[in-house]
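S.K.: Kindly generate the corresponding structure for this input.
(2 chains)
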Amino acid sequence: MRGEDDPEAPKPSGAAWGKAMRASSELLAGIFVGSLLGLGLDRLLGSEPWFLLAGIGLGFAAGLRNLSRSL
Amino acid sequence: MYGFRAAGPMEQFEILPIVDLHLGSINISLTNSALWMLIGTGAIIVFFFAATRRAALIPGRLQSVAEVLYEFVADLVRDTIGPEGRKFFPYVFTLFMWILVSNLFGLFPSFPGIPHALHTFTPTSHLIVTLALAMLTISIVIVYGFYKNGLGFFKLFAPSGLPLWLMPLLVLIEVISFLSRPLSLAIRLFANMFAGHVILKLFAGFVVSLLGAGGAVMLFGIAPFFGAVAVTALEFLVAALQAYVFAVLTCIYLNDAVHAADH
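M.R.: Now for the predicted structure:
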């Protein structure tokens, strides 16, 4: 945790930590799965990089969808 | 001046074979990770045998703990899934207990001086372990979802009250969002355990390095020492919380499978 000597620093809080972990993992997972699907399709069809680009965009949208659902 | 050498914060995650076993070209060695999984599983089995061996109407101490755990998960399953959720109780309970025990056992300090392969290890600090658990959950959701709802399971991907021209795009996003669930579930548990252990070892490493510096600098070792104590307390909280979160999300996903058609 940051700031051992800084009395103003927020106390380590399990709830806030959990929330941050949750938000980041939701967004990350969406982007990751989207890009992976795009990359897989590209490899399959030999059309790099178009599906990857679309996958990143859709993955980001899915990640945000996850995020909005989870908070 | 002192013989201290702080271990790097990443050494604790190394997978080391204890008993080398090979099946053809597949390496099935008993590793430190497998050992701690077995220890955790064994501890749960022993605990519940001991707790339920002399089951009484007025529970003893062990039995009370077992009953509290049972009711905690049973309430969770009933509240999220409803009465149909009863058949998933054994799965959720196993998952919860296993993750809880794995997380908590990983916080035991290692005995000083024993070989590296026998050091305390947290199986849940590896993405592959948590991902396997999450994949199992999502497989159950998919298989049971289709078994229960038939093709009605696809309604999960089509939010109601949507203009038709948006449908293809939204369905695509919903499918990716659904597929990303196991990954997000796995990343969350893994990242919590991983990050917590790294922070803990970093603080502990600071203490060792500052003590090793000698002289008045040794006094500064006190700050990271209290930091390490605080992080240890936080880690116990996180270990229990993450087991709970995993169980809750498993229930939420199972609920989707049970009630997909009434969306």
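S.K.: drop to CA atoms for contacts and neighbour counts, all remaining ones
M.R.: Will do.
S.K.: By neighbour count, which bits of stretch B:121-129 are buried? Give me those.
M.R.: B:121, B:122, B:123, B:124, B:125, B:126, B:127, B:129 (16 or more other CA atoms under 10 Å in any protein chain shown).
S.K.: Output that stretch as CSV, restricted to C-alpha atoms.
M.R.: Extracted C-alpha coordinates of stretch B:121-129, given in CSV (Å, rounded to 0.1, in the frame of the first residue of the first chain):
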residue,chain,number,x,y,z
PHE,B,121,2.4,-22.2,-2.6
THR,B,122,-0.9,-20.7,-3.6
PRO,B,123,-2.5,-22.7,-6.5
THR,B,124,-5.0,-19.9,-7.2
SER,B,125,-2.1,-17.4,-7.9
HIS,B,126,-1.8,-19.1,-11.4
LEU,B,127,-4.1,-18.0,-14.2
ILE,B,128,-4.3,-21.5,-15.6
VAL,B,129,-5.9,-22.9,-12.3
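S.K.: and the residue nearest the centre of chain B, what is it in contact with?
M.R.: Among the residues of chain B, the one closest to the centroid is residue B:99, at 4.0 Å (CA atoms, centre = their mean). Contacts for residue B:99 (CA atoms under 8 Å, 6 or more residues apart in numbering or on different chains) come out as B:124, B:243.
S.K.: Can you list which of the buried residues of stretch B:121-129 are found in helices?
M.R.: Using DSSP state H, the subset of the buried residues of stretch B:121-129 located in helices is B:127, B:129.
S.K.: what would the buried residues of stretch B:121-129 look like in CSV with pLDDT and distance to chain A?
M.R.: Below are these laid out as CSV (pLDDT from 0 to 100; distance: CA to the nearest CA, whole Å):
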residue, pLDDT, distance to chain A
B:121, 89, 22
B:122, 90, 19
B:123, 91, 19
B:124, 91, 15
B:125, 91, 14
B:126, 91, 15
B:127, 91, 12
B:129, 93, 16
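S.K.: Tell me the one among the buried residues of stretch B:121-129 nearest to residue B:87.
M.R.: Proximity of the buried residues of stretch B:121-129 to residue B:87, judged by CA to CA, is greatest for residue B:129, which lies at 24.4 Å.
S.K.: Now the residue of the stretch 1-150 of chain B found nearest chain A: which helix or strand?
M.R.: When distances are taken as CA to the nearest CA, the stretch 1-150 of chain B reaches nearest to chain A at residue B:131, 11.7 Å away. Using DSSP states H and E, residue B:131 maps to helix B:127-149.
S.K.: which residues sit against that helix?
M.R.: B:123-124, B:152-153, B:182-183, B:185-187, B:189-190, B:250, B:253-254, B:256-258, B:260-261.
S.K.: Which other helices and strands does the helix or strand that comes right after it contact?
M.R.: Sequence-wise, the next helix or strand downstream of helix B:127-149 (DSSP H and E) is helix B:167-213. Packing partners of helix B:167-213 (3 or more CA pairs under 8 Å, 6 or more residues apart in numbering or on different chains; DSSP states H and E): helix A:14-45, helix A:50-70, helix B:127-149, helix B:222-258.
S.K.: Check for me that the residue nearest to the centre of chain B belongs to a strand.
M.R.: No - Residue B:99 sits outside any strand when classified using DSSP: H, G, I helix; E, B strand; the rest coil, being helix.
S.K.: quick one: residue A:34 and residue B:175 touch, right?
M.R.: No - with contact defined as CA atoms under 8 Å, residue A:34 and residue B:175 do not form a contacting pair (9.7 Å).
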